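# predicted model and sequence below, questions to follow.
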Amino acid sequence: MLLQVLGTAAGGGLPQWNCACPGCAGARAHPERRRRHASLALRADEGSWYLVNATPDLGEQIEDSSGLRPGPGPRDTPLAGVVLTDAELDHTLGIARLREADGFEILATPPVRTALTDRLRLGDTLAPYTRVEWRELGARPQPLNPGGTIEIDAVPVSAKRPRYAAAGAGPDDPTWVVALRLRDTDTGRALVYAPALAAWTDAFQDAVEEADCVIVDGTFWDDDEPVRTGISTRTATGMGHLPIDGPHGTARRLAALGTRCLYTHLNNTNPLADPAAPQHALLADQGIGVAADRMVIEL
């Protein structure tokens, strides 16, 4: 299984266009600190790739990844589709940038598809330009592409809806936000990707215990960070993100796994945005790292 990390930042990227916080100011002064919106690229088979989430940075992320660039024909592209973990704008706005394609797949849970087609009207918007095939993403493992060796399934982690879909009838659905479990049937090796994690459920614990690599939500360092930095009146958990540090933080859980664990989806207020921050050493002492843009992972 071959994956490329396309981005590791939370909403707005790093730096965020309208923010002058220390993290954003530091990224402007030191371009090597810049991070694009969190996303992965997964090779389904030779010459066929899927994006995990489609961010506003999608075009630039593809250009930075040699395996995703078009060719050899003028309109040949290895991009076969997109897998969505949720319906948030930062993870879906890039879908519109795929309108030049002859066609592509989108794998999504039912509430995510409904939000994108009924609220954002993406189906109607893209229909004059390209062909979009929707496939349901669920708890039952399914081949990522026909004849391929990569299986994918979803682990529900939150019923949090995006703001544009907050109003509406119907009960809460835990598949609004999911973690993805990717498994290579040839090698048996597996990866869990959870860029947004509101609760560490028993099902999620089972998934990460069986994984060879875990890439998980590192939006905020501690629960009070959003309030302390003035970006919100809500805590990290109140915003749907388990913090890294603290009594309910995810670091201690990851350290106990004894496998390769990386944080992604860093907010611009997170001290980990600074590579010299002491929090990096604290994580390293627990055997945990921070994912980097353009990182290649082979399992």
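Arrived safely, thanks for sending. Residues are numbered from 1 along each chain as shown.

# roughly how far does residue 49 sit from residue 123?
Residue 49 sits 23 Å away from residue 123, going by CB to CB, to the nearest Å. Every C-beta, even on glycine, is put in place using the N, C-alpha and C of the backbone.

# pick out whichever of those two has more residues nearby.
residue 49 (22 against 14; other CB atoms under 10 Å).

# so where is this protein shaky, pLDDT-wise?
169-170 (pLDDT under 70).

# 80 - rerun?
168-171 (pLDDT under 80).

# tell me where it has helices.
22-29, 58-63, 89-92, 110-114, 122-126, 202-209, 225-228, 251-255, 279-284 (DSSP state H).

# same list (those helices) but as JSON lines, adding distance to residue 299.
Converted to JSON lines, those look like this (distance: least, CB to CB, whole Å):
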{"stretch": "helix 22-29", "distance to residue 299": "30"}
{"stretch": "helix 58-63", "distance to residue 299": "21"}
{"stretch": "helix 89-92", "distance to residue 299": "23"}
{"stretch": "helix 110-114", "distance to residue 299": "26"}
{"stretch": "helix 122-126", "distance to residue 299": "32"}
{"stretch": "helix 202-209", "distance to residue 299": "14"}
{"stretch": "helix 225-228", "distance to residue 299": "32"}
{"stretch": "helix 251-255", "distance to residue 299": "17"}
{"stretch": "helix 279-284", "distance to residue 299": "21"}
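
# wait, which of those is closest to residue 178?
With CB to CB, the closest approach to residue 178 among the helices of the chain belongs to helix 110-114: 8.5 Å.

# quick check: buried residues in that closest one?
111-114 (16 or more other CB atoms under 10 Å).

# cool, and stretch 97-104?
Buried residues in stretch 97-104 (16+ other CB under 10 Å): 98, 101, 104.

# can you list which of these are found in strands?
residue 104 (DSSP state E).

# for the buried residues of stretch 97-104, which one is nearest residue 221?
Distance to residue 221, by CB to CB, is smallest for residue 98 among the buried residues of stretch 97-104, at 33.9 Å.

# surely residue 251 is in contact with residue 262?
No: in this structure, residue 251 is not within contact of residue 262 by CB atoms under 8 Å, at 11.9 Å.

# between these two, which contacts overlap?
residue 288 (CB atoms under 8 Å, 6 or more residues apart in numbering).
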